[in-house]
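Participant: my questions concern the predicted model and sequence given below.
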Amino acid sequence: MAGVARMESMLVQFVVSCLVFSSCLRYGNAGITSNFVRSEYPSVDIPLDHSVFAVPKGHNAPQQVHITQGDYDGKAVIISWVTADEPGTSKVEYGTSENKYEFSAEGTITNYTFYEYKSGYIHHCHVDGLEHDTKYYYKIGSGDSAREFWFITPPKVGPDAPYKFGIIGDLGQTFNSLSTLEHYMHSGGQTVLFLGDISYADRYQYNDIGIRWDTWGRFAEQSTAYQPWIWSAGNHEIDYMPYLGEVTPFKNYLQRFATPYYASKSSNPLWYAIRRASAHIIVLSSYSPFVKYTPQWMWLREELNRVDREKTPWLIVLMHVPIYNSNDAHYMEGESMRAAFESWFVQYKVDVIFAGHVHAYERSYRISNIHYNVSSGDQYPISDKSAPVYITVGDGGNQEGLAGKFRDPQPQYSAFREASYGHLTLEIQNRTHALYHWNRNDDGKKMATDAFVLHNQYWGTNHRRRKLKKHFARKYIDRAAY
């Protein structure tokens, strides 16, 4: 009962705090184009000698440590790191007590070249058989150069498992990037859903490309070593550079960042799915073939059929290129994927779709354009209660700067848009409600700027609400409804 009362109090406080946004919550009211202009840090990368890029002390010490989910349901992780001087050991020692490692797992080692750059030795270790909702300590490396970290596994997959995700896109390695990362690390987020465009190393030339992949790994380690980042690839991961003789797309990305694609029966690490707590998360690749009968198209069709909203009520899709975008930057680039997949997103009642690519923030109403074809049908997006909310959050802080020019007038489907750096969080409360915050980096301070209560598409319908035993949630269904 104490938990129920606490939940009631939390929801009441949040609903009250969101009243100022009530005019934006239904399609048909005028959307908001923020006129906020911030005095941003220069959009240049942090100098190489900055402490955030420091190499760990000790000979061959592991660096660029990052973890991601390693299976379908959250009982495994993939731990990755780099050793610069020699291969060293690829063993991970781990356990549930600090400095007491009861278990171990062996990983794999690889390296690669890009032009004349030669990478360090890249380790990937799959650690499985973990218990849900448990803190694990782990050690990598050997001798005086060994390093120790920890992570917490998610709760068991279930409809009311609470969980808080952070969502970041187009991060890069500028001082704006650092501001975003530090703000996120104080948000209480438990896992990052990353929307592509990681290091922006492709804006360099020759050997500096590989060097800037290394610096990003050390820059982000303060977060990536302690909680999973769920990776998706953007255009800045393609690294197609014929002038250097490098014509294998995603070469740097695929060598460095492992994904659990086999667990979701995917044939390619660029698209895959996981289940975490009460969420089913699907990662799509905007820069891989996705039209009818391609491997990604066929996989997505099967994966959507595997979704069980009784177990994972929250259905979330990640992609890099936004389907709906009213910014001049990258305008209409997502149209081909919209034509391929939007009808499925509506049919399966996807809750929210997160994208990056555009260096600004934008949130849509629930809308669709599935009735249009080349000869008939609605020509413009219309209100659709079965459709997802579309979120663009490509505002992590990279060196290309902000996309400050939105199209005028603001489309009816656009609820809120602003060209500022920041990140967002999605805090799932139970099967019916999640709390959403977009946080602006306001001159170095985190400012909650756009917030609302997101209602689940599957459990939000009247006949399913009546099935719930937790009747307290029903009092909030019609308040601030989205």
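Facilitator: Great, that's in hand.
Participant: and the pLDDT for the residue located most distally from the centre of the chain?
Facilitator: Centroid-distance maximum for the chain: S375 at 37.0 Å, with CA atoms, centre = their mean. As predicted, S375 sits at a pLDDT of 81.
Participant: the chain should start at 440 in everything you say after this.
Facilitator: Got it, first residue is 440 now, which makes that one S814.
Participant: so what's the residue count around H571?
Facilitator: Residue neighbour count, defined by other CB atoms under 10 Å, stands at 16 for H571. In this view, the C-beta of every residue, glycine as well, is placed from N, C-alpha and C.
Participant: also Y679?
Facilitator: 14.
Participant: now the residue lying closest to it once chain neighbours are set aside: phi and psi?
Facilitator: Counting by CB to CB, 6 or more residues apart in numbering, the nearest residue to Y679 once its immediate chain neighbours are dropped is P688, at 5.4 Å. Here is the backbone geometry of P688 (degrees, to the nearest 10): phi -60, psi 140.
Participant: what's the longest helix in this structure?
Facilitator: The longest helix of the chain (DSSP state H) is helix 646-663.
Participant: give me the sheet partners of the helix or strand just after that one and which way each runs.
Facilitator: Sequence-wise, the next helix or strand downstream of helix 646-663 (DSSP states H and E) is strand 668-669. Strand 668-669 pairs in its sheet with strand 630-633 (parallel), by DSSP bridges.
Participant: next one: the partner strand to chain centre, how far?
Facilitator: Offset of strand 630-633 from its chain centre (CA atoms, centre = their mean, to the nearest Å): 4 Å.
Participant: alpha carbons of that strand, as CSV, please.
Facilitator: Output of strand 630-633 as CSV, limited to C-alpha atoms (Å, rounded to 0.1, in the frame of the first residue of the first chain):
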residue,chain,number,x,y,z
THR,A,630,20.3,2.7,-19.8
VAL,A,631,21.0,5.0,-22.8
LEU,A,632,19.1,4.5,-26.1
PHE,A,633,21.6,6.0,-28.5
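Participant: list the buried ones in that strand?
Facilitator: Buried residues in strand 630-633, defined by neighbour count with 16 or more other CB atoms under 10 Å: 630-633.
Participant: columns pLDDT and distance to S807 on top of those residues, output as TSV?
Facilitator: Formatted as TSV, these follow (pLDDT from 0 to 100; distance: CB to CB, whole Å):
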residue	pLDDT	distance to S807
T630	98	29
V631	98	28
L632	98	23
F633	98	26
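Participant: which one of the residues you listed is nearest Q661?
Facilitator: Distances from those to Q661 were compared by CB to CB; the smallest belongs to V631, at 12.3 Å.
Participant: sorry, back to before: how about the longest helix of the chain: buried residues?
Facilitator: By neighbour count on 16+ other CB under 10 Å, the buried set for helix 646-663 is 648-649, 651-660, 662-663.
Participant: please tabulate those residues in JSON lines and include distance to Y787 as additional columns.
Facilitator: Output for the buried residues of helix 646-663, formatted as JSON lines (distance: CB to CB, whole Å):
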{"residue": "I648", "distance to Y787": "39"}
{"residue": "G649", "distance to Y787": "40"}
{"residue": "R651", "distance to Y787": "39"}
{"residue": "W652", "distance to Y787": "36"}
{"residue": "D653", "distance to Y787": "40"}
{"residue": "T654", "distance to Y787": "40"}
{"residue": "W655", "distance to Y787": "35"}
{"residue": "G656", "distance to Y787": "36"}
{"residue": "R657", "distance to Y787": "40"}
{"residue": "F658", "distance to Y787": "37"}
{"residue": "A659", "distance to Y787": "33"}
{"residue": "E660", "distance to Y787": "36"}
{"residue": "S662", "distance to Y787": "31"}
{"residue": "T663", "distance to Y787": "31"}
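Participant: what is the nearest of these to I867?
Facilitator: Proximity of these to I867 (CB to CB) peaks at S662, which lies at 20.1 Å.
Participant: what's the closest non-adjacent residue to that closest one?
Facilitator: M624 (5.5 Å).
Participant: quick one: that neighbour and E660 touch, right?
Facilitator: No: if you go by CB atoms under 8 Å, M624 and E660 don't touch, sitting 11.7 Å apart.
Participant: all strands of the stretch 790-921 of the chain, in order?
Facilitator: For the stretch 790-921 of the chain, the strands defined by DSSP state E, counting those that start in this stretch cover 791-794, 800-803, 806-807, 821-822, 828-832, 853-857, 861-867, 872-881, 884-894.
Participant: among those, which is nearest E525?
Facilitator: Among the strands of the stretch 790-921 of the chain, the nearest to E525 by CB to CB is strand 861-867 (37.0 Å).
Participant: what's that closest one packed up against?
Facilitator: Here strand 861-867 touches strand 602-607, helix 614-624, strand 828-832, strand 872-881, strand 884-894, going by 3 or more CB pairs under 8 Å, 6 or more residues apart in numbering; DSSP states H and E.
Participant: what helices or strands is the third one leaning on?
Facilitator: It refers to strand 828-832. If contacts are counted by 3+ CB pairs under 8 Å, 6+ apart, strand 828-832 sits against strand 602-607, strand 791-794, strand 800-803, strand 861-867.
Participant: run through who's touching the second one.
Facilitator: Right, the one you point to is strand 791-794. For strand 791-794, contacts defined as CB atoms under 8 Å, 6 or more residues apart in numbering pick out 606, 608, 632, 634, 755-762, 764, 773, 784, 827-833, 865, 893.
Participant: give the rounded mean pLDDT of that strand.
Facilitator: Averaging pLDDT along strand 791-794 gives 98.
Participant: nearest to Q508, of the helices and strands packed on strand 828-832?
Facilitator: Nearest of these (CB to CB): strand 602-607, 12.1 Å.
Participant: okay, the angle between the closest one and strand 872-881?
Facilitator: Angle between the axes of strand 602-607 and strand 872-881 is 30 degrees (criterion: axes from the mean of the first three to the mean of the last three CA atoms, to 10 degrees).
Participant: pretty sure Y811 is touching D817, no?
Facilitator: Yes: if you go by CB under 8 Å, Y811 and D817 touch, sitting 5.6 Å apart.
Participant: the more surrounded of those two?
Facilitator: Using other CB under 10 Å, the more surrounded residue of Y811 and D817 is Y811, with 16 against 12.
Participant: measure the more buried one to E774 for me?
Facilitator: 11 Å (CB to CB, to the nearest Å).
Participant: so what's the residue positioned nearest the centre of the chain up against?
Facilitator: Centroid-nearest residue in the chain: L632, 1.9 Å away (criterion: CA atoms, centre = their mean). Residues near L632 by CB under 8 Å, 6+ apart: 604-607, 669, 720, 755, 757, 793.
Participant: weed out the non-buried ones from those.
Facilitator: Using 16+ other CB under 10 Å, the buried ones in these are 604-607, 669, 720, 755, 757, 793.
Participant: make CSV out of those residues and add distance to N474.
Facilitator: As requested, these are arranged in CSV below (distance: CB to CB, whole Å):
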residue, distance to N474
F604, 29
G605, 27
I606, 24
I607, 25
I669, 34
I720, 34
I755, 31
L757, 30
F793, 25
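Participant: and those residues, which is closest to G527?
Facilitator: Nearest member of these to G527, counting by CB to CB, is I669, at 27.5 Å.
Participant: ok, now which ones touch the closest one?
Facilitator: Neighbouring residues of I669 by CB under 8 Å, 6+ apart: 507-508, 630-633, 713, 720, 722, 757.
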